[in-house]
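1. Here is a sequence together with a model predicted from it:
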Amino acid sequence: MKITQNIKEVLKTLKRRKPAKIYCPRCGSPNIHLSSGFDYWLTPKKYVCEDCGYVGPIVMELEKEEKTKTS
Ligand SMILES: [Zn+2]
């Protein structure tokens with residue numbers, strides 16, 4: 001039963017294809033996007049911030065309404 005529930009959750013997550021909103025880790029701007037540059041084969045995943053010029057593989061991802069756990 002529990003397994004079935006988990007699968008349902010996964011399917012629900014997959015169905016909701018909306019990707020998490022991403023933000024620049026440096027300036028917090030949402031104006032950041034995956035670099036689809038010529039060197040994609042060198043660096044498979046790289047993000048470019050148009051506001052501060054940040055380039056790197058790390059972005060802040062925020063799901064909508066998802067409460068971040070504060071420990
Ligand atoms: Zn930035």
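-> All right, it came through fine. Numbering: from 1, shown residues only.

2. Going by C-alpha atoms from here, please, whenever you check contacts or count neighbours.
-> Will do.

3. Where do the helices of this structure begin and end?
-> Assigned by DSSP state H, the chain shows helices spanning 2-15.

4. what residues does it put near the ion?
-> Proximity of the chain to the ion, by CA under 5 Å from the ion, involves residues 24, 27, 49, 51-52.

5. was I right about Phe24 contacting Pro57?
-> Just so we're on the same page, residue 24 is Cys rather than Phe. No - under the criterion of CA atoms under 8 Å, Cys24 is not in contact with Pro57, lying 10.5 Å apart.

6. Which residue of the two possesses the greater neighbour count?
-> Cys24 (25 against 13; other CA atoms under 10 Å).

7. Can you give me every residue that contacts that one?
-> The contact partners of Cys24, taken as CA atoms under 8 Å, 6 or more residues apart in numbering, are 30-32, 49, 54, 59-60.

8. Just the buried ones from those?
-> Among those, those classed as buried by 16 or more other CA atoms under 10 Å are 30, 32, 49, 54, 59.
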